[in-house]
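[1] Sequence and predicted structure below; questions after.
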Amino acid sequence: MWTISKHKDWAELQEQFGWVRDMDGVPQDPIYHAEGDVAVHTRMVLAALEALPEYQALAPQEQEILWAAALLHDVEKRSTTVIEDDGRITSAGHAKKGAQTAR
């Protein structure tokens, strides 16, 4: 079975992947993401996914693929996030660039 990592603990993921470490401190616009930076947001997404009965009902390989997609969904906010002159935080192009990184 394919797996992105044998470890799902955030600290171990940070140790294993530089791109997970890079999520720490990457700001997000509080209008859309009041929860905090990309790392906080991603951890919340993973926790919400794991709690879904529909996710729990999936076969292990399908769970792994979906879990990896959730982990990677904002991976390129690290390289696309800017704070505009008006103070707004944007990450234009992060989805397209993130898809390339995930591949």
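    Looks like it came in fine. Numbers count the residues shown, from 1 in each chain.
[2] and residue 3, which of the three is it?
    Classification of residue 3 using DSSP: H, G, I helix; E, B strand; the rest coil returns coil.
[3] What residues does it make contact with?
    residue 64 (C-beta atoms under 8 Å, 6 or more residues apart in numbering). The way it works is simple: take the backbone N, C-alpha and C, and place the C-beta from them, glycine included.
[4] Residue 90 pairs with what?
    residue 82 (DSSP bridges).
[5] Could you report the neighbour count for it?
    Applying other C-beta atoms under 10 Å, we find 14 residues neighbouring residue 90.
[6] Would you mind measuring from it to residue 82?
    6 Å (C-beta to C-beta, to the nearest Å).
[7] Pull the number of nearby residues for residue 14.
    Residues within reach of residue 14, counting by other C-beta under 10 Å, total 16.
[8] Which residues are in contact with it?
    Contact analysis of residue 14 by C-beta under 8 Å, 6+ apart lists 20-21, 24.
[9] what about it, helix or strand, and which?
    Assigned by DSSP states H and E, residue 14 falls within helix 10-16.
[10] what comes up buried for that helix?
    Neighbour counts over helix 10-16 (16 or more other C-beta atoms under 10 Å) mark 13-14 as buried.
[11] Check which residues of whichever helix or strand comes after it are buried.
    Downstream of helix 10-16, the next assigned helix or strand under DSSP H and E is helix 18-21. Buried residues in helix 18-21, counted by 16+ other C-beta under 10 Å: 19-20.
[12] and if you look at stretch 52-68?
    Within stretch 52-68, the residues that count as buried by 16+ other C-beta under 10 Å are 64, 67.
[13] Also stretch 23-30?
    Under the neighbour-count criterion of 16+ other C-beta under 10 Å, stretch 23-30 has 23, 26, 28 buried.
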